[in-house]
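In: Next comes the sequence, and after it the predicted model I'd like to discuss.
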Amino acid sequence: MPSVRVANIVMKGLYRDSVQLMELTEHVKRINGVVDAAILMATKGNKEFLKSLGLLTPEGEAADSNDVLIALKAEGDLERLLVIVEEMLHRGGGPSMRRKSLDDALSEGADFAVISVPGRYVGEIASRFLVGGVNLFIFSDHVPVDVEVSLKNLGRRKGLLVLGPEAGTSLIGGVGLGFANNVRRGVVGIVASAGSGIQELTTILDAMGVGVSHALGVGGRDLTDEVGGIMTEESLKILDNDSGTRMIALLAKQSDKETVRKVLETIRLSKPLLVTLLGEERSSLGDITNIPTIHGLALRICSLVSPANYSRYAGMVMEEAGHLRKASAVKGYPRGFYCGGTLATETAYIWKWAGLEVATNMRLPWTRKLRDSRTSEHATIVDYGDEEFTEGRPHPIIDPTLRNQRIVSEIGSDDTAAITMDLIIGYGAPENIVGKTVEQIGEALRSHPEKRVVVRVVGTPSDIQWSQVSLLESLPVIRVSSNALAAAYTASAGLGNPDIIEDVVEELIIFEG
């Protein structure tokens, strides 16, 4: 029987996009003789990941973050396989990959450009598109704040949208950019400094029969004092002038109240506006009531757009809360591990509101900073979409392996009582994302059925992966209709107080505004 060996090749000074490398990795894994493979940028985090898989050699350890690292575990002629992979990499990847020059793209007369390159290159590329009259959706992170402000000011002067950086999601006339779901069209316009927040809101609305005209994701930092809400203001104006939009929702996972106030005072909208600033209390905006949760925002939108349905959906939330109350959990701490940063932020707020001391890797002034994102402390929430986990790696919505490995570890921990997690499907997520997740965490869940794992599937029946959601029925998990309900249940488990579930529902989801 051929022996199995591990080898690394370092491609010095070579850059490839993380999604390209992930696609190439999946292609290489299907080559006869390959036992396991990973092709990644050689960042510190990626090398730690390879080490945990037993795929890192001393040659790979010596690579730096500007190098591509090929790691193979194979049987038979390993050297021949390495040559094949190296040739594929130089060709640009698997057979489906295609590249164009920036000049080619500009010559096609596109209305929108999606940019996903390392942050240090965004300024030059984005400026050329704006000068050429092209709106931007900037998926990239690690973009300096001064570059973001400069690009958004240029976009404002030219009457163009600059969505991002760190724009995870947008829907332009029903067309999804980044990560998005197949939701029905309608009269609700959304502006959000929140990617997974847009997905959560639009999928809940879809379940209520309410549709969306446009959803403009302006980037996670837009409503901070550093950026000043430049694109939030421009996006609100666009939706206010849009004939297909009857009402507007503003959603933010990270915001500074003074910036929000200035934006809302600067423009006078002619259409109804609802606001959710996660982490803020109800009365934080003066005349405008802040709606504390995304589920609450969806219900309030439903009450205005489809009032006849509001009571029915509010009743369904109360009924679901009653079922959750009966699902008792073992004693221990709640833990939350997320691909979506907005959902992680919402959970952190609900846990804090319920009385838990929250530790997280997110930059939230009302929580405690984790000393090490890989080690839990009390009520822990980790956003695996944060920059510390995405440098040189695909976003966890595309490849949730790191997050899922953490869940497996926590299921086996005596300290952990309940875990909340998101499972985001739709455009941008792999077609096999549900099956992959079940495969990665299933054995641990079946070995510890006493642990409560709560899953919020962010998607609609029209998403291509929806048919796979039934695979979750083979696992001892609790599925919920919103992230806020998942947070309520896990808070009650951590506090040993099931009354918290109804308290969250009545005070943060269904309340008199």
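Out: Sure thing, it's come through.
In: Quick check, central residue of the protein?
Out: residue 340 (2.7 Å; C-alpha atoms, centre = their mean).
In: May I have the secondary structure class of the residue lying closest to that residue once chain neighbours are set aside?
Out: Once flanking residues are discounted, residue 340 sits nearest to residue 196: 2.6 Å by C-beta to C-beta, 6 or more residues apart in numbering. For every residue, glycine as well, the C-beta is placed using N, CA and C. On the three-state scheme (DSSP: H, G, I helix; E, B strand; the rest coil), residue 196 is labelled helix.
In: Kindly report the same for residue 156.
Out: Applying three-state DSSP: residue 156 is helix.
In: gap between it and residue 229?
Out: 11 Å (C-beta to C-beta, to the nearest Å).
In: Neighbour count: the two, which is higher?
Out: residue 229 (28 against 15; other C-beta atoms under 10 Å).
In: what's the nearest residue to the more buried one if we skip its chain neighbours?
Out: residue 263 (4.1 Å).
In: buried residues in the helix-or-strand element of the chain with minimal mean pLDDT?
Out: Between all helices and strands in the chain, the lowest mean by mean pLDDT, DSSP states H and E belongs to helix 102-107, at a mean of 77. The neighbour-count check on helix 102-107 (16 or more other C-beta atoms under 10 Å) flags 105, 106 as buried.
In: let's number from 31 now, not from 1
Out: Noted, 31 is the first residue going forward, which turns the last one into helix 132-137.
In: Just the CA trace of it, in PDB.
Out: Presented in PDB, the C-alpha positions along helix 132-137 are these (Å, rounded to 0.1, in the frame of the first residue of the first chain):
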ATOM      1  CA  LEU A 132      -9.300  46.800 -15.500                       C
ATOM      2  CA  ASP A 133      -9.200  48.500 -18.800                       C
ATOM      3  CA  ASP A 134     -11.300  45.700 -20.300                       C
ATOM      4  CA  ALA A 135     -13.900  46.000 -17.500                       C
ATOM      5  CA  LEU A 136     -14.100  49.800 -17.900                       C
ATOM      6  CA  SER A 137     -14.600  49.500 -21.700                       C
END
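In: how far out from the middle of the chain is the host helix or strand of residue 55?
Out: Assigned by DSSP states H and E, residue 55 falls within helix 48-59. How far helix 48-59 lies from its chain's middle: 21 Å, per C-alpha atoms, centre = their mean, to the nearest Å.
In: So which elements touch it?
Out: If you count contacts as 3 or more C-beta pairs under 8 Å, 6 or more residues apart in numbering; DSSP states H and E, helix 48-59 packs onto strand 64-71, helix 108-121.
In: Kindly reformat these as TSV containing distance to residue 55 and mean pLDDT.
Out: Formatted as TSV, the helices and strands packed on helix 48-59 follow (distance: least, C-beta to C-beta, whole Å; pLDDT from 0 to 100):
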stretch	distance to residue 55	mean pLDDT
strand 64-71	5	89
helix 108-121	9	85
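In: out of these, which comes closest to residue 253?
Out: With C-beta to C-beta as the measure, strand 64-71 is the member of the helices and strands packed on helix 48-59 nearest residue 253 (30.6 Å).
In: Now do residue 100, the pLDDT please.
Out: pLDDT, residue 100: 91.
In: same check, this time on residue 83
Out: 85.
In: now swap in residue 147 and tell me
Out: For residue 147, the pLDDT comes out at 81.
In: mind listing what the residue nearest to it when sequence neighbours are not counted touches?
Out: Closest residue in space to residue 147, ignoring its immediate chain neighbours: residue 170 at 5.8 Å, by C-beta to C-beta, 6+ apart. Residue 170 makes contacts with 145, 146, 147, 148, 149, 152, 194, 195, 196, as judged by C-beta atoms under 8 Å, 6 or more residues apart in numbering.
In: Residue 461 now?
Out: Taking C-beta under 8 Å, 6+ apart as the test, what residue 461 contacts is 494, 495.
In: quick revisit: check what pLDDT the residue nearest to residue 147 gets.
Out: 86.
In: And what about it, helix, strand or coil?
Out: When the rule is three-state DSSP, residue 170 gets the label coil.
In: How much space separates it from residue 142?
Out: 15 Å.
In: One more: residue 290?
Out: For residue 290, the distance to residue 142 - C-beta to C-beta - is 26 Å.
In: out of those two, which sits in the busier spot?
Out: The neighbour comparison of residue 290 against residue 142 (other C-beta under 10 Å) goes to residue 290, with 23 against 16.
In: any idea whether the more buried one is helix, strand or coil?
Out: Applying three-state DSSP: residue 290 is helix.
In: In contact with it, which residues?
Out: Residue 290 neighbours (C-beta under 8 Å, 6+ apart): 253, 259, 280, 282, 305, 307, 315.
In: for those residues, which one is nearest residue 161?
Out: Using C-beta to C-beta, residue 259 is the member of the contacts of residue 290 that lies nearest residue 161, at 23.7 Å.
In: wait, doesn't that closest one sit right on residue 249?
Out: No: if you go by C-beta atoms under 8 Å, residue 259 and residue 249 don't touch, sitting 10.9 Å apart.
In: where's the dip in pLDDT among the contacts of residue 290?
Out: Minimum confidence in these sits at residue 315, scoring 74.
In: Does the closest residue to that one other than its chain neighbours belong to a helix, a strand or coil?
Out: The spatially closest residue to residue 315, leaving aside those adjacent along the chain, is residue 305, at 6.3 Å (C-beta to C-beta, 6+ apart). Three-state call for residue 305 (three-state DSSP): strand.
In: Could you report the distance from residue 305 to residue 83?
Out: 44 Å.
In: what's the answer for residue 440, then?
Out: 19 Å.
In: Compare those two (neighbour count), which wins?
Out: Between residue 440 and residue 83, counting by other C-beta under 10 Å, residue 440 is the more crowded of the two (23 against 14).
In: Tell me which helix or strand the more buried one sits in.
Out: Here residue 440 is assigned to helix 431-441, by DSSP H and E.
In: Then residue 157?
Out: helix 149-161.
In: for the helix or strand that comes right after the helix holding residue 440, packing partners?
Out: Where DSSP H and E defines the elements, the next helix or strand beyond helix 431-441 is strand 446-454. Under the contact criterion of 3+ C-beta pairs under 8 Å, 6+ apart, strand 446-454 touches helix 225-237, strand 363-368, helix 431-441, helix 463-477, strand 482-488, helix 513-525.
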